[in-house]
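*Asks:* here you go, sequence then predicted model.
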Amino acid sequence: SQQGEEDPQALSIQEGENATMNCSYKTSINNLQWYRQNSGRGLVHLILIRSNEREKHSGRLRVTLDTSKKSSSLLITASRAADTASYFCATEQKTSYDKVIFGPGTSLSVIP
Amino acid sequence: DSGVTQTPKHLITATGQRVTLRCSPRSGDLSVYWYQQSLDQGLQFLIQYYNGEERAKGNILERFSAQQFPDLHSELNLSSLELGDSALYFCASSADSSYNEQFFGPGTRLTVL
């Protein structure tokens, strides 16, 4: 079952621009996390936002969560070529089965 | 470097065979998670172990099994392999039983011919 759905599937921007990725999910969650994956490598945790939080910042990252719309967004400001990667949202469900569900990811290309 | 190690890096085997993937979590982490990543299915949560006990199960096939040993390393056993089992298998660890901030290993790329 696919809980998180990222949008867009792919995004190409110029260095210095902002990148926004969205994630939608279907059921109640405890928290939502964003991860980055460089081609074929392990995922790296970026940020976690709990279900009772609305916004969180970490460096150039800004995450919002709207539980009424079951959606989250990840904003990367002043993007760099090194930000080129796939970005995944992961939702921790309140149910015990299929506890953690990752979305299909957004592939971000930052052009120098 | 996340501190999570996985062996082997690559594995090529034939249909019907059985393989074992190994994971060593970060020092001090009690939870180990296994994931499968393929082009058609994306990243799928398979199973979680916490301090030696199975904690949660996801989309894990009956042909697959896992365990966590007293020294907290974990093994994922895949048997009766099929072509569709070809994928990247990731192990991740976290400090406690929650799913917060998992640290991922580099993965094992399994190719079933």
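*Replies:* Done, it's in.
*Asks:* from now on I want contacts and neighbour counts done on CA atoms only, so please keep to that.
*Replies:* Will do.
*Asks:* any idea how many residues pack against B:Leu39?
*Replies:* Here the neighbour count serves as a burial measure; for B:Leu39 (other Cα atoms under 10 Å in any protein chain shown) it reads 10.
*Asks:* how near is it to chain A?
*Replies:* 9 Å (Cα to the nearest Cα, to the nearest Å).
*Asks:* try B:Glu101
*Replies:* Separation of B:Glu101 from chain A (Cα to the nearest Cα) stands at 6 Å.
*Asks:* leaving out sequence neighbours, find the closest residue to that residue.
*Replies:* Taking Cα to Cα, 6 or more residues apart in numbering or on different chains as the measure, B:Glu101 lies nearest to A:His45, with 5.9 Å between them; neighbours along the chain are not counted.
*Asks:* give the pairing partners of whatever helix or strand that neighbour lives in; include direction for each.
*Replies:* Counting by DSSP states H and E, the element that carries A:His45 is strand A:43-50. In the sheet, strand A:43-50 lines up against strand A:29-37 (antiparallel) (DSSP bridges).
*Asks:* who in chain A is up against chain B?
*Replies:* Residues of chain A lying close to chain B (Cα under 8 Å from any Cα of the partner chain) are A:33, A:41-45, A:47-48, A:92, A:96-104.
*Asks:* now the buried members of these.
*Replies:* A:33, A:42-45, A:47-48, A:92, A:98-104 (16 or more other Cα atoms under 10 Å in any protein chain shown).
*Asks:* nearest to A:Asp83 among the residues you listed?
*Replies:* Of all those, the one with the least separation from A:Asp83 (Cα to Cα) is A:Val44, at 12.2 Å.
*Asks:* what's near enough to touch that closest one?
*Replies:* Going by Cα atoms under 8 Å, 6 or more residues apart in numbering or on different chains, A:Val44 touches A:Tyr35, A:Arg36, A:Gln37, B:Phe103, B:Phe104.
*Asks:* could you do A:Asn22 as well?
*Replies:* A:Asn22 neighbours (Cα under 8 Å, 6+ apart): A:Glu5, A:Glu6, A:Asp7, A:Pro8, A:Ser71, A:Ser72, A:Ser73, A:Leu74.
*Asks:* 7 Å instead?
*Replies:* Listed by Cα atoms under 7 Å, 6 or more residues apart in numbering or on different chains, the contact set of A:Asn22 reads A:Glu6, A:Asp7, A:Ser72, A:Ser73, A:Leu74.
*Asks:* which of these fall within strands?
*Replies:* A:Glu6, A:Asp7, A:Ser72, A:Ser73, A:Leu74 (DSSP state E).
*Asks:* same list, the residues you listed, but as JSON lines with distance to B:Gln17, neighbour count and pLDDT please.
*Replies:* Formatted as JSON lines, the entries for the ones in strands among the contacts of A:Asn22 read as follows, by distance: Cα to Cα, whole Å; neighbours: other Cα atoms under 10 Å in any protein chain shown; pLDDT from 0 to 100:
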{"residue": "A:Glu6", "distance to B:Gln17": "36", "neighbour count": "24", "pLDDT": "79"}
{"residue": "A:Asp7", "distance to B:Gln17": "38", "neighbour count": "18", "pLDDT": "82"}
{"residue": "A:Ser72", "distance to B:Gln17": "42", "neighbour count": "24", "pLDDT": "96"}
{"residue": "A:Ser73", "distance to B:Gln17": "43", "neighbour count": "20", "pLDDT": "97"}
{"residue": "A:Leu74", "distance to B:Gln17": "42", "neighbour count": "23", "pLDDT": "97"}
